[in-house]
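Okay, sequence plus prediction incoming.
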Amino acid sequence: MPKLDSLPAKFDFPAAERDARRFWEESEIFQKSLEQRRSENAEHFVFYEGPPTANGLPHPGHCLTRVMKDLFPRYQTMCGKLVERKAGWDTHGLPVEVEVCKELGIHTKEEIEAYGVERFVKLCIESVFRYTREWEELTNRLGFWVNLDEAYVTFHQSYVESVWWGLKTLYERDLLYQGHKVVWWWAQGGTALSQGEVGEGYRDVDDPSIYVRFPLVDGPDAFEGRTSLLVWTTTPWTLVSNHFAAVHPEIEYALCDEGDDGEERLWVAKDLVEALAKKTKRKLTVVRTCKGADLLGLRYEPPFPGVYYGEMGERTAKLKRVPEEASGLAGGGATELPIGWRVLAADFVTIDAGSGLVHEAPAFGEVDFDLLQQERARFEAFDAIPLLCAVKPDGSFSDDAPPAYRGRWVKEADKDITRELKDRGLLVHHEVYHHPYPFCPRAEDDALIQYARKSWFVRTSAFKDEFLRNNAGIKWLPEHIRDGRFGDFLRNNVDWALSRERFWGTPLPIWRCEATGKMEAAGCYDELLAKPDVAGTEVWDAAKAADPDLPDHLRVHKPYIDAVTYASPFADGARMRRVPEVIDCWWDAGSMPFAQWGFPHVEGSIDTFKWAFPANFISEALDQTRGWFYGLLAISTLLFGETRDDAKLPAPDLPRPETAFPYNACIVLGLLLGEDRLKMSKRTKNYREPTYIFDQLGADAMRWYFFSAQTPWTGVVFQEKAIQEAQREFLVRLQNVWNFYVLNANGDNDQFDPGSHDGARKGTGWRAPGERSELDRWILGELHRTTRDVRAALDRFENFPAAGHLNDFVDALSNWYLRRSRDRFWRSEKDQDKWDAYNTIHEVLVATAKLIAPFTPFFAESVYQNLVRSAGLGNAGAPESVHLCDYPTADESLIDDRLATEMDLVRQVVSAGRAARTGAKLRVRQPLQRCEVILGRKEHAEWLGRHAELIGAELNIREVELTTAGEEYVTYSIKANFKALGPRFGKKVQAVAKAVAALDAAEARRSLGEAGAVEVEVDGAKESLSGDEVEVRLDAKPGWSAAQARGAVVVVSTELTDELRTEGLLNEVVHHVQGMRKDAALDYNARIKLFVETDDELWTVVDGGRAAIEAECQVDAIERAAAPGGEPKSVKIEGHATKLAIAVV
RNA sequence: GGGCUCAUAGCUCAGUUGGUUAGAGCGCAUCCCUGAUAAGGAUGAGGUCGCUAGUUCGAAUCUAGCUGGGCCCA
């Protein structure tokens, strides 16, 4: 009975993966891999799963992320750590609502309310889990080991309550406040969009670009006509709400006569006069110029004076009493100023486009709003200046606007507004402006507008320095993220706009007194229930009674939570009602370090949090920089950072990590591109579905491709072909070695027994590695070197070099060790050398299976099960799975650098020998008499000499001679080694190099050989250079068939004797016959008859070589005759026209 | 418009702290092996390292500018 289970004729990767998956599942290997470390009380290696939003099908990009998240936890587990892996799902947010709206065919907030928030929210829950099965399937098929059964879910009550706890803590520390914010507003949907969402929706569009006259109502320049500011805007609809005009204080402005009729004058930026004259086809004559600062305070009449100006145009307000010199603003001497329609200074004004004067409608622009805030701050009463806004939240003009526009979508009104201005003589120029403008990424026809909303903020900007300190300790891969993209974002931190005016999200846990407006925060549901005179919980109870399937988690969501009120502690008889907002779902995700455990409410969660924070490792794609990576850092820093308030924490002895917080290492993955180098798109289908790849090639192929093909932060083009290639290069090659071993070990002749896994029963003929042949010691050395290097790389989170080491090792194993060892397996004697070979390859393959286990877990399992767990081995005590094994450790004593160098040299020499043959057009089939290997240094000569036979065999050359004296065939040259000489000589290095080059190379070589040094004269001083500081090169002299390797030249003798020629011819015949056997798909052992038609000369050769041909090709008889049936094969053998035919006996 | 990042062979990508002959795989060409066989292997051709200037004894590598792509933000 064979010891090892036999392998299928053709290894089917996808099928083997199915088997492995079933085995893991049935035997609960993942659970055991954790249990094993728990029972050892092992140290934790903390991994955080960034929760994917499961509301779409996973694509290849998700595979990259999940595969990276799998590699390091698997590796650390095998290294003895306990790596708990809790899955998570991000379930809240606008994307979910939009998905549901699409199904319902509705659009706006009003429509959602009409549909019913209760029903709507229920659909949101259902929507979230629609694709979960696909995600779990993907996770399984990829071999991503993560605990899906106990996944955290952001809408679960325990999670929501954790987030509430965090928010309450911040509220009580005065870090959560309400303010205004100009947001990108999706009017049709009635919501603000996050930066990320806005970024997704930019499209190039044509917008109007208009130049409008703002006539001055007073001014220093006496002029009988009309003097106006020429103001530029690309949003005509905002002119209705115009409040100010802005100039840059440092820019030079020019007052120009418009035409010659003396009726109109314009103020524009001086540098733009010429361009504007050309553009507007007007004659502009500069009257005088001045700095923008000199224009400040000028008053004008806005384009729609009937709107606000008519009522408020003359109104003034008291300024704060600021010393004139400190105000820095014109008008500092005044005590009162008009509340609008005058010129302000703004640094953001440029002359890159427009007129150099900008129209300000603070409600519709972030910078404009900031300018308003700055202006407001000058007045005694902050609200002396109102926020003018003639637009309703649904994006239509309000009743403040002129009647012609009321109720119309603002963007749609642009044209009519422009026309009206033209009719009224205010429009100076109108053109089309092509620029990127954001649209709603969920409803692509809806343009977004900037719009001021009330909003809740978290005071993150106060923690900027602490963010930066924590960031400095994080190991970012690639490194530039830390100070580049992420650091940059942190340095420009602004307060986190937390609230969303939506339905499906974590409700903001703030209750407001209806009488006084005073507020307080709730930290959990029970806390709320404990409030005085609680009412409204019956709404939930009724809903639950009506629909018992309703998930209990919904009780902390809208609309049920909104019904909960209690008696106000601030005013007798008043009620506390919740504010309407929900929060940004990024805040949910960023809260996961504690919320995933239900901290601090859930029993045991505080203890869990103590070991599970901070994370040792996280990884997501580049687009998460300002999303999850930031969320984690910000929230953890605010709650648990250096400046935290221990009095507000449930356990004051919580860890307070000094650095690397809240994650030690973060791999930032590049974004995958489709085969056309564009972003992956479902529409254009420019990528292969993950499942297709799994079915065709297997998950390991994809995994290996991601790990080995490039650094993970490279934005890589995802191609099926490349995956196939990666599989062939590594997995198929390794599979071949494995297959070869099993085939031979189980062979009738050998029946090799590899022994038991723990070495208690040794393999057949086992002896210690040190006693084995050089080749065995070499491959074992390579194995241990690889082990050392792979571990070092993985410890640094560098998968790419690690995969590279493994790839090189498998290449060496297959293309040198096995290739050179084949004879040892095939020979009929069962001698020690044979058993050494078997033991070596067995040990190497078992170790390799463990080494690759974190990378390609399925294939590693197949190999391991076969080599260690085959029934015939009686190895019941071995770990059940390769994933329950410890990761191999390197035995430094087995790494022999000298042997590695020498083996490398042999391979080089063989390679050079082949090149020499190719150069002489002498195919390897043609035996040659001799070659000479000329070595640059003699230190390897002796060792290499012992391998002359091997070299001869590889090259089909009978005599191989080694020499260091090859003047006959080579010339020497000597060159400086700059790397060694540079640091020693600095500027003088070029002079030294010149002196070295001038040396007699042969002489210098002799000197180096004898004295170990050579002398040169530089600038009159003698310098002694060692062998490492110069490089002696060998160059083959022309006329010889020679080729160069590093440190050696191989010269082959091209002389052919009759005997050599005859043997070459015989080889040609054998070659053709073997080819025909293969073409005919004959069995290895099939006996044949050979029919040859040829000239006398070649027949003599064939006749004389009968024995060789018959032995090589399983031929029973050779006849000089035409084939009895079928077409013979016509070939030319070294010019001899020949017809060959074979017939099975 | 701003920040970050990238540009190396026909293609996909490596290139460690600057060191003087810039690598791999695929593809291509030529060839080998025919008992790992619907596999395996070898050799070769192919590059002014995006452009320009600078720093340096020495630049694919460092600096600045430019050109072009990507991402993020306006």
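Structure received. Residues are numbered from 1 along each chain as shown, chains lettered A, B, ... in the order given.

Any idea which residue is closest to the centre of chain A?
For chain A, the residue sitting closest to the mean C-alpha position, by CA atoms, centre = their mean, is residue A:669 at 1.2 Å.

what bridges to that residue?
Applying DSSP bridges to residue A:669 gives these bridge partners: residue A:621.

One more: the one 10 residues further on?
Here residue A:679 sits in beta bridges with residue A:673, going by DSSP bridges.

you'd agree it is up against residue A:715?
No. Taking CB atoms under 8 Å as the definition, residue A:679 is not a contact partner of residue A:715, at 9.9 Å. (Glycine included, C-beta is placed from N, CA and C.)

Are there residues contacting both of the two? Which ones?
A:671, A:673 (CB atoms under 8 Å, 6 or more residues apart in numbering).

what about the strands in the stretch 251-400 of chain A?
A:252-258, A:264-269, A:284-291, A:316-318, A:336-338, A:343-345, A:357-360 (DSSP state E, counting those that start in this stretch).

RNA strand B: which of those strands is closest?
strand A:357-360 (12.9 Å; CB to the nearest atom of the strand).

by contact count, what packs against the closest one?
Packing partners of strand A:357-360 (3 or more CB pairs under 8 Å, 6 or more residues apart in numbering; DSSP states H and E): strand A:202-215, strand A:226-233, strand A:244-247, strand A:264-269, helix A:366-376.

check contacts around the nearest residue to residue A:857 once chain neighbours are set aside.
Once flanking residues are discounted, residue A:857 sits nearest to residue A:143: 4.6 Å by CB to CB, 6 or more residues apart in numbering. For residue A:143, the contacting residues are A:17, A:21, A:70, A:699, A:700, A:703, A:857, A:858, by CB under 8 Å, 6+ apart.

gap between the fourth one and RNA strand B?
When distance is defined by CB to the nearest atom of the strand, to the nearest Å, residue A:699 is 20 Å away from RNA strand B.

That residue - how many residues pack around it?
28 (other CB atoms under 10 Å).

measure it to residue A:76 for me?
Distance, residue A:699 to residue A:76, by CB to CB, to the nearest Å: 21 Å.

returning to that earlier point: just send the helices and strands packed on strand A:357-360 back as a markdown table, with mean pLDDT and distance to RNA strand B too.
Output for the helices and strands packed on strand A:357-360, formatted as a markdown table (pLDDT from 0 to 100; distance: least, CB to the nearest atom of the strand, whole Å):
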| stretch | mean pLDDT | distance to RNA strand B |
| --- | --- | --- |
| strand A:202-215 | 79 | 5 |
| strand A:226-233 | 84 | 15 |
| strand A:244-247 | 85 | 15 |
| strand A:264-269 | 83 | 16 |
| helix A:366-376 | 80 | 6 |
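
need the residues of the stretch 701-850 of chain A near RNA strand B, please.
Residues of the stretch 701-850 of chain A that fall close to RNA strand B, judged by CB under 7 Å from any atom of the strand: A:709-711, A:714-717, A:719, A:721-722, A:725, A:728-729, A:732-733, A:736-737, A:739-740, A:743, A:804, A:811, A:814-815, A:818-819, A:822, A:826.

And the helix or strand hosting residue A:738, what's buried?
Applying DSSP states H and E as the criterion places residue A:738 in helix A:733-745. Within helix A:733-745, the residues that qualify as buried by neighbour count (16 or more other CB atoms under 10 Å) are A:733, A:734, A:735, A:737, A:738, A:739, A:740, A:741, A:742, A:744, A:745.

now stretch A:1041-1058
For stretch A:1041-1058, burial by neighbour count (16+ other CB under 10 Å) applies to A:1041-1045, A:1047-1054, A:1056.

Could you do stretch A:992-1006 as well?
Going by neighbour count (16+ other CB under 10 Å), the buried part of stretch A:992-1006 is A:992, A:993, A:995, A:996, A:999, A:1001, A:1004, A:1005.

residues contacting the fifth one?
Listed by CB under 8 Å, 6+ apart, the contact set of residue A:999 reads A:974, A:1014, A:1016.

now, among those residues, which is nearest to RNA strand B?
RNA strand B has its nearest neighbour among those in residue A:974, at 11.2 Å by CB to the nearest atom of the strand.

And the nearest residue to that closest one once chain neighbours are set aside, what's its pLDDT?
The shortest distance from residue A:974 to any residue other than its chain neighbours is 4.3 Å, reached at residue A:1001 (CB to CB, 6+ apart). Per-residue confidence (pLDDT) for residue A:1001: 82.

wait, isn't residue A:1001 in contact with residue A:973?
Yes. Using CB under 8 Å, residue A:1001 is in contact with residue A:973, at 5.2 Å.

which residues do the two both contact?
Shared contacts of residue A:1001 and residue A:973 (CB under 8 Å, 6+ apart): residue A:1032.

coming back round to it: would you mind giving the contacts of residue A:143 as CSV with pLDDT, distance to residue A:163 and secondary structure added?
CSV is the format used below for the contacts of residue A:143 (pLDDT from 0 to 100; distance: CB to CB, whole Å; DSSP: H, G, I helix; E, B strand; the rest coil):
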residue, pLDDT, distance to residue A:163, secondary structure
A:17, 95, 39, helix
A:21, 96, 35, helix
A:70, 96, 28, helix
A:699, 93, 35, helix
A:700, 94, 39, helix
A:703, 94, 34, helix
A:857, 96, 35, helix
A:858, 96, 38, helix
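
And those, which is closest to residue A:579?
residue A:70 (41.6 Å; CB to CB).

OK, contacts around the nearest residue to residue A:591 once chain neighbours are set aside?
Excluding its sequence neighbours, the residue lying closest to residue A:591 (CB to CB, 6+ apart) is residue A:163, at 5.0 Å. Applying CB under 8 Å, 6+ apart to residue A:163 gives the contacts A:506, A:583, A:587, A:588, A:591, A:595.

Pass me the low-pLDDT residue ranges in the stretch 201-350 of chain A, would you?
Residues of the stretch 201-350 of chain A meeting the criterion pLDDT under 70: A:201-204, A:221-223, A:321-334.

what about 50?
A:325-328, A:330-332 (pLDDT under 50).

ok, so what distance separates the residue nearest to the centre of chain A from RNA strand B?
Using CB to the nearest atom of the strand, we find residue A:669 at a distance of 12 Å from RNA strand B.

Could you give me the PyMOL syntax to select whichever of the residues of the stretch 701-850 of chain A next to RNA strand B are buried?
Buried members of these, defined by 16+ other CB under 10 Å, are picked up in PyMOL with:
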select buried, chain A and resi 709+710+716+717+719+729+732+733+737+739+740+804+814+818
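
Okay, and which of the residues of the stretch 701-850 of chain A next to RNA strand B map to helices?
Members of those lying in helices (criterion: DSSP state H): A:721-722, A:725, A:733, A:736-737, A:739-740, A:743, A:804, A:811, A:819, A:822, A:826.

Brilliant, that's me finished.
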